[in-house]
Structures are given as structure tokens and as C-alpha cells.
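> coords below, sequence missing:
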Ligand code: PMP
């Protein structure tokens, strides 16, 4: 084991973990890339690092400068931690609807947190658009300047996955990988891994939560419904998704994803968030379509304690009419 020179150097190089239940169910080998083992406990540390490095290389970010971003949370955590390790300040704009735990973590990581009401992208006060304007203002007033990370359209995000996630998967499997599938927020992960691995013959699929727009954009079929998953469910072809052509697309209901999250926890010791449930459900669907004997990789996006007040809260699940695992049904609201 080598010594990382700093926190940024400790991002990535995550293990692939064999998912026992999913593999047994399908007769395939299904592996999860353990992105929750990154310093900020999510896949977004990779994008944060590449966005910051790119801005430094272009001379846009000077020491003591400020990084501004609109995020569902994980990119904010990544930017705050990687930014702190490199001497930058962060200002994070988040929709109010995101979990309290993620908001607390962003503040704990030293970032300034701005909460805005959830609004669609076409609304100028949508968190992404709001963060772009705020960055412009702060660029004028901050003594060391400010940049907008712009994870959705800044392709430094996708490059993180072209140069690290994709090649790591190829190396870890010794090139014996038939498919990769995950959900999209910015689309950096899916499109970046596709850019790295599709030319090597790997099929790269997209798993979309119910109600998300990409499913319709790629298949022409409706995708009604809604989802409590956070950080995924994109409505447009972002800059990072441009040029990506999915080999397989499926839509996953919360009622399919959540039991997988609980099963991963109870039977495999993996404490995961909702997007991981969508990803593993997608990997199972792709495995069923491809048939037994294939190797399929997906992403274990982030650590589940970030969603204690939602995914692991019986009252919240009952209120949403979502399935409740028996052990959670019996658990007290808080442990004294
Ligand atoms: N899962 C979670 C929990 C996330 O926060 C995100 C990013 N917002 C994703 C998945 C999707 O990653 P990407 O932005 O690379 O599409």
C-alpha cells in the first residue's frame, strides 16, 4: 500500500466488490465499484478533483479562490473536502429537499451552504442556474476570485471517469468485463466509463429512476412516476452526456430499488443510498437480458448513513407508501 501525498491523491482506486445476491440471482458475475470508499464517501469526489485541477491548470482558480456549485449534495461534499485540502473556499447551493445529513456534512466540511426551493431547470431560480449567477457575482467581490464548477456541463467531470473509473474497472477485471450500467445525475460517470470502455467492446447501459427524462429521450417511451432517490434523474442531455449512446436503457421504480438497498445492508453488509439500489437493479435487468455467464459492473455510489432520515426512517417510508423491511418496521425512531 502506497502513501497518498494528500487527500486529493486518496480519491479513486476503489475496490470492486462482488455482489453475491445479484450474481446468484442472474448467473452472472455482478460487481459494484465501491465509490462510497472515497474520502467524501461518494463517486463525486472524482469529478470534484478533476474540476478543481482543470480550473487550476487553466489559471482560472488562484490560491485562496472560491469554488461555487449547485449540487444535490455529494459534489458539494467532494468540492468542500478536496477544495479544503488544496486551500480553496467553497459555496454550495442545494435544493431544500435534499437530505439533512448531506446539508450537515457540507457545512461540517467548511463550505458555505445556500438553500433554495426545488425548481425545474427552466426556472431561473433552479439551484444550478442560481449557482451560476452567484459565481459570477462572487468572481467580482471575492479577493481571490471565484469559479463555477458547473458539474453538469463541465466535461472535466466526465474526464475523471474516462481517465480513472473506466481504466480501473478494466484493470481490476483483467479486461473480462462485458457490461457496465449506472444511473445519471450529471451523466459524468456513465458517459465517462462509456468513452473509456465502449471502444473495448463493453456494453454501457443507463438505469433511469421513474419520472426521469433521459429514459424518454433515449427510448421515445414515457417514464411516468416519481422517485425519492437523490442525485440522479436527469431531464436533459447535459454537456457530459453529449456523444454517449446507451447500449441498454431501463427504468427502475423505487419499489424495486429500495428492497435491494435493504438486502445489500442486511445480507452483504453494504450501507448504501437509493441510487445504488437503482444501479444494482439495472445491473440485474441487464444481466437477465444478456443471459448467464457475463460480467457486469455497476456503481456503489455513496454511503447510506447520508439518508438515515429518509431511506432508513420508517415514518418517512410509510408516509411515501414505500416498502418497509421488517427489521426497520420494528426499530425505534431513535436509539436511546
Ligand atoms: N448517485 C448519487 C448519490 C449522486 O449524488 C450522483 C451525482 N449527483 C450520482 C449517483 C450520479 O453521478 P453522475 O453525476 O456522475 O451522473
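Good, I have the coordinates. Every value quoted in this text rests on a predicted model; they were computed, and no experiment measured them. Numbers count the residues shown, from 1 in each chain.
> Based on its surroundings, how many neighbours for the residue of the chain found nearest the ligand?
Closest contact between the chain and the ligand, by C-beta to the nearest ligand atom, is at residue 231 (2.4 Å). Yep, even glycine has a C-beta here, placed from its N, CA and C like the rest. Residues near residue 231, counting by other C-beta atoms under 10 Å, number 24.
> Write out the residues of the chain neighbouring the ligand.
42-44, 72, 74, 183-189, 230-232, 273, 275, 301-302 (C-beta under 6 Å from any ligand atom).
> circling back to that earlier point, just to be sure, the residue of the chain closest to the ligand is in a strand?
No. Looking at residue 231 with DSSP: H, G, I helix; E, B strand; the rest coil, it is coil, so not inside a strand.
> ok, residue 71 touching residue 94?
Yes. Using C-beta atoms under 8 Å, residue 71 is in contact with residue 94, at 6.2 Å.
> more neighbours, those two?
residue 71 (28 against 25).
> what's near enough to touch the more buried one?
44, 79, 92, 93, 94, 127, 131, 151 (C-beta atoms under 8 Å, 6 or more residues apart in numbering).
> Mind checking which of these are in strands?
92, 93, 94 (DSSP state E).
> Please enumerate the shared neighbours of residue 71 and residue 94.
residue 127.
> So this protein: which segments form each domain?
7-37+165-320, 43-148 (the TED database).
> can I get the ones in strands among the contacts of residue 71 in CSV with distance to residue 226 and pLDDT?
Converted to CSV, these look like this (distance: C-beta to C-beta, whole Å; pLDDT from 0 to 100):
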residue, distance to residue 226, pLDDT
92, 25, 97
93, 23, 97
94, 20, 96
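> between those residues, which is nearest residue 248?
residue 94 (31.7 Å; C-beta to C-beta).
> what's the distance between that closest one and residue 188?
Applying C-beta to C-beta, to the nearest Å, the value for residue 94 to residue 188 is 18 Å.
> quick one: residue 54 is in a strand?
No. Going by three-state DSSP, the assignment for residue 54 is helix, not a strand.
> Which parts of the stretch 51-200 of the chain are helices?
For the stretch 51-200 of the chain, applying DSSP state H, counting those that start in this stretch gives helices covering 74-86, 100-108, 127-141, 156-160, 166-172, 188-197.
> would you list the ones you listed in a markdown table and tack on mean pLDDT?
As requested, those are exported to a markdown table (pLDDT from 0 to 100):
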| stretch | mean pLDDT |
| --- | --- |
| helix 74-86 | 96 |
| helix 100-108 | 94 |
| helix 127-141 | 96 |
| helix 156-160 | 98 |
| helix 166-172 | 98 |
| helix 188-197 | 99 |
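> Among those, single out whichever gets nearest to residue 205.
Here helix 188-197 is closest among the helices of the stretch 51-200 of the chain (C-beta to C-beta), at 8.2 Å.
> other SSEs contacting the closest one?
Secondary-structure packing of helix 188-197 (3 or more C-beta pairs under 8 Å, 6 or more residues apart in numbering; DSSP states H and E): helix 156-160, helix 166-172, strand 179-182, strand 203-209.
> what about the strands in this protein?
Going by DSSP E, the chain shows strands at 16-18, 29-34, 66-70, 89-95, 112-116, 146-148, 179-182, 203-209, 248-252, 295-300.
> Which neighbours in the sheet does the second one have, and how are they oriented?
Strand partners for strand 29-34, identified by DSSP bridges, are recorded as strand 16-18 (antiparallel), strand 295-300 (parallel).
> most tightly surrounded among those?
When neighbours are counted by mean count of other C-beta atoms under 10 Å, the highest per-stretch mean among those falls to strand 295-300, a mean of 27.
> Show me what it is in contact with.
Outside strand 295-300, the residues that reach it (C-beta under 8 Å, 6+ apart) are 16-17, 28-36, 43, 169, 173, 176-182, 189, 270, 272, 276, 279-280, 282-283, 286-287, 290.
> what angle separates that strand from strand 203-209?
Using axes from the mean of the first three to the mean of the last three C-alpha atoms, to 10 degrees, the direction of strand 295-300 lies 40 degrees away from that of strand 203-209.
> State the mean pLDDT of strand 295-300.
Per-residue pLDDT over strand 295-300 has a mean of 99.
> change the start of the numbering to 493 and stick with it
All set: I'll call the first residue 493, so the last point we hit is now strand 787-792.
> And that strand, how far out from the chain middle?
14 Å (C-alpha atoms, centre = their mean, to the nearest Å).
> just to revisit the earlier point, show me the one of the domains of the chain that comes nearest residue 820.
When those are ranked by proximity to residue 820 (C-beta to C-beta), domain 499-529+657-812 comes first, at 5.5 Å.
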